[in-house]
Each structure stands twice: as structure tokens, then as C-alpha cells.
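>>> Whatever this is, show me its structure:
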Amino acid sequence: MPSRHENYPRIAIVTGADSGIGRACAVALAEAGFDVGVTWHRDAGGAERTAAEVRAAGRRCEVAELDLTRLPGADAVVDELADRLGGLGVLVNNAGTGASTPFVDTGWEQWREVLSVDLDGPFLCGQRAARRMRAAGLGGRIVNITSVHEHAPRVGSAAYCAAKGGLGLLTKVMAQELAADGITVNAVAPGEIATPMTGQEDVDPFTEERPGVPVGRPGDAREVAAVVALLASPAAAYVTGASWPVDGGMLLMGPQANALESHDWRSVRE
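Residues are numbered from 1 along each chain as shown. Model (predicted):
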């Protein structure tokens with residue numbers, strides 16, 4: 001039966017929120033009225049800076065370490081943060097990693113690390129969140145941060161594409177199974193965003209040129225966070241099982257759009 005439960009707690013957990021997209025999501029959710037739990041892996045100081053921004057927005061924030069290569073077990077942080085904050089209404093599975101290695105040269109350890117962080121982690125953290133939301137009976141939101149490479153391949157990214165593609169389809173199954181509980185599950189698929197993962201932290205994306213991307217530049221992490229905040233809101237109750245590219249039109253151009261070095265493609269040739 002359809003659920004009318006939309007009274008989920010205004011409490012969110014964002015994994016990998018010590019920088020980049022995760023930090024932007026935590027701040028956007030705080031500005032939307034959520035208390036926020038944030039996790040970090042390598043940058044404890046970055047997580048504390050995120051927490052300071054959340055608190056500056058007038059919301060509570062709790063911080064915890066999370067290493068998604070230590071599974072199962074590390075996912076218990078979801079319940080830990082939910083207990084410290086007094087509930088859970090939103091989970092943003094943002095923590096991720098990648099590798100640039102040809103398929104035939106990808107080692108087993110590298111393959112397993114990427115799959116563990118980018119697919120196993122969201123699976124287990126999502127289970128924890130869903131069980132808690134279902135038990136509370138108030139509905140909720142799960143947002144999985146995938147990538148444009150959920151939808152399109154990239155040379156040298158076999159493990160990353162496999163993980164993000166898997167997470168995209170997992171999102172759809174979760175959406176089917178959890179909808180009756182008032183829990184929506186969606187993916188947000190960023191393109192090239194100016195973050196540490198792309199080596200562009202502290203770079204103004206509006207000063208960078210990307211001829212192969214229709215919008216012509218990289219994205220800002222806050223542009224991804226704005227979509228996440230929408231999907232986390234009660235207003236998005238009828239949106240589930242979807243993947244939302246935030247890519248400046250990159251997917252319209254094909255997976256190697258960033259390799260284009262001129263704007264010639266914009267002209268119609270006779």
C-alpha cells in the first residue's frame with residue numbers, strides 16, 4: 001500500500017563530508033533545516049571545518065570516522081551518528097574513490113578497494129539507514145552519489161565505472177522495495193566537479209574552460225548539493241528510482257567529452 005509517511009526527522013548523515021561534494025551537501029542540508037552527521041576518512045580537520053559551517057547555519061553536527069575498506073563493520077557509523085543526533089531521516093552516500101588504470105593492468109587489490117568504497121559501502125550504509133527508517137515508520141530519503149560514469153564508460157576507469165553502474169541499478173531496486181515505507185531512493189550523477197577528487201579544490205569553475213561540455217566549464221560542488229537538498233526534501237516525495245545528472249550537459253556529448261579541445265562541434269557544417 002502507498003505510504004503517507006512524510007514526517008521523517010530533519011536529521012541527515014552525509015558520508016565523506018570532509019571536503020568537496022560531501023561538504024557542500026552537509027552545508028546545503030543544514031541551510032534547509034537538517035541537523036547533520038558527517039563522516040571522514042583521511043581529513044579529520046576538513047570534517048571539523050564542515051561541522052563548523054553546519055553549526056554556523058544554526059544546526060547541530062556530529063562527526064565520525066568512516067573507512068569503507070573495513071567492511072562489514074565500519075557501516076555501524078550510521079547507527080552511531082543517528083543515535084548521537086536522535087534519529088535519521090536522510091542518508092547521503094557520498095564517500096567514494098577512483099582509479100585511473102587500464103583494465104588489463106588493474107590489480108585485484110585496487111579493484112576491491114574501489115568496489116568496497118563505491119558499492120559495498122553504500123549497500124551496507126543504505127541497509128542500516130533503511131532498516132532504521134522502516135522501524136521508525138516515518139519515511140525518509142536516501143541519495144546515492146554516483147557519477148556520469150554510472151551511465152557512460154570512461155577509458156581507464158574499469159573499477160570505478162563498474163561500481164558506479166552497480167550503484168545506479170542498486171538505487172532502482174532500493175527505490176522499488178522501500179517506496180511503500182515512504183522512503184525514496186535516488187541517485188545524483190555528477191560530471192566534472194571542481195573538488196579534490198579532480199585535483200581542482202579552490203579553483204573557481206567559472207574560470208576554467210571545458211570546450212567539450214555544453215555549459216563550457218566544470219561544475220561547482222554546491223550545484224550538486226542543491227539537487228541533493230531537493231531530493232532530501234518533503235517536496236520530492238513523488239521522485240524515486242531516478243538518476244539526476246549534474247554535468248553541464250556532458251552526457252549529451254559522450255563519455256569522452258572532456259577530451260575535446262575546441263568549440264568546433266558547436267557549429268553546423270554544410
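>>> Now do the strands in this structure.
Assigned by DSSP state E, the chain shows strands spanning 11-14, 35-40, 61-65, 90-93, 140-145, 183-190, 243-246.
>>> who's in contact with the third one?
The reference is to strand 61-65. The contact list for strand 61-65 (CB atoms under 8 Å, 6 or more residues apart in numbering) reads 26, 30, 35-41, 44, 47-48, 50-51, 54-55, 77, 80-81, 84-85. Any C-beta I mention is one placed from the backbone N, CA and C, and that applies to glycine too.
>>> Ok, the last one next?
Residues outside strand 243-246 that contact it (CB under 8 Å, 6+ apart) are 146, 148, 150-151, 168, 171, 186-191, 193, 219, 223-224, 227, 231, 251.
>>> for the helix or strand bottoming out on mean pLDDT in the chain, packing partners?
One helix or strand of the chain scores below all others by mean pLDDT, DSSP states H and E: helix 250-253, with a mean of 93. Helix 250-253 sits against no helix or strand, with contacts defined as 3 or more CB pairs under 8 Å, 6 or more residues apart in numbering; DSSP states H and E.
>>> Going by neighbour count, which residues in it are buried?
For helix 250-253, the neighbour count (16 or more other CB atoms under 10 Å) marks 250-251, 253 as buried.
>>> could I get the strands of the chain as a markdown table with mean neighbour count?
Putting the strands of the chain into a markdown table (neighbours: other CB atoms under 10 Å) gives the following:
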| stretch | mean neighbour count |
| --- | --- |
| strand 11-14 | 31 |
| strand 35-40 | 28 |
| strand 61-65 | 18 |
| strand 90-93 | 30 |
| strand 140-145 | 27 |
| strand 183-190 | 26 |
| strand 243-246 | 20 |
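>>> Including mean pLDDT and distance to residue 114, could those go into TSV?
Listed next are those as TSV, based on pLDDT from 0 to 100; distance: least, CB to CB, whole Å:
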stretch	mean pLDDT	distance to residue 114
strand 11-14	98	20
strand 35-40	98	18
strand 61-65	98	20
strand 90-93	98	15
strand 140-145	98	15
strand 183-190	98	17
strand 243-246	98	19
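>>> Is it possible to get a markdown table of these that adds distance to residue 100?
Converted to a markdown table, the strands of the chain look like this (distance: least, CB to CB, whole Å):
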| stretch | distance to residue 100 |
| --- | --- |
| strand 11-14 | 26 |
| strand 35-40 | 24 |
| strand 61-65 | 26 |
| strand 90-93 | 22 |
| strand 140-145 | 19 |
| strand 183-190 | 17 |
| strand 243-246 | 21 |
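>>> what about those strands, which gets the closest to residue 161?
For these, the distance to residue 161 is smallest for strand 183-190, at 12.0 Å, taking CB to CB.
>>> which residues touch residue 234?
Counting by CB under 8 Å, 6+ apart, residue 234 makes contact with residue 6.
>>> Against residue 130, how distant is it?
Per CB to CB, to the nearest Å, residue 234 is found 18 Å from residue 130.
>>> Quick check: residue 174 touching residue 187?
No. Judged on CB atoms under 8 Å, residue 174 makes no contact with residue 187 at a distance of 9.9 Å.
>>> Quickly list what's touching both of the two.
The contact sets of residue 174 and residue 187 do not overlap (CB under 8 Å, 6+ apart).
>>> Could you report the neighbour count for the nearest residue to residue 181 once chain neighbours are set aside?
Sequence neighbours aside, residue 134 is the residue nearest to residue 181 in space, at 4.9 Å (criterion: CB to CB, 6 or more residues apart in numbering). If you count neighbours by other CB atoms under 10 Å, residue 134 ends up with 16.
>>> again, but for residue 176
Neighbour count for residue 176, taken as other CB under 10 Å: 12.
>>> Does it touch residue 241 like I think?
Yes. Counting by CB under 8 Å, residue 241 is a contact partner of residue 176 at 6.7 Å.
>>> hang on, the earlier thing: so how far is the least confident helix or strand of the chain from its chain's centroid?
In terms of CA atoms, centre = their mean, to the nearest Å, the centre of helix 250-253 is set 20 Å apart from its chain centre.
>>> CA-only coordinates of that helix, as PDB, when you get a sec.
What follows is helix 250-253 as a C-alpha-only set of coordinates in PDB (Å, rounded to 0.1, in the frame of the first residue of the first chain):
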ATOM      1  CA  MET A 250      28.400  16.200 -20.600                       C
ATOM      2  CA  LEU A 251      26.400  13.100 -21.100                       C
ATOM      3  CA  LEU A 252      24.800  14.700 -24.200                       C
ATOM      4  CA  MET A 253      28.300  14.700 -25.700                       C
END
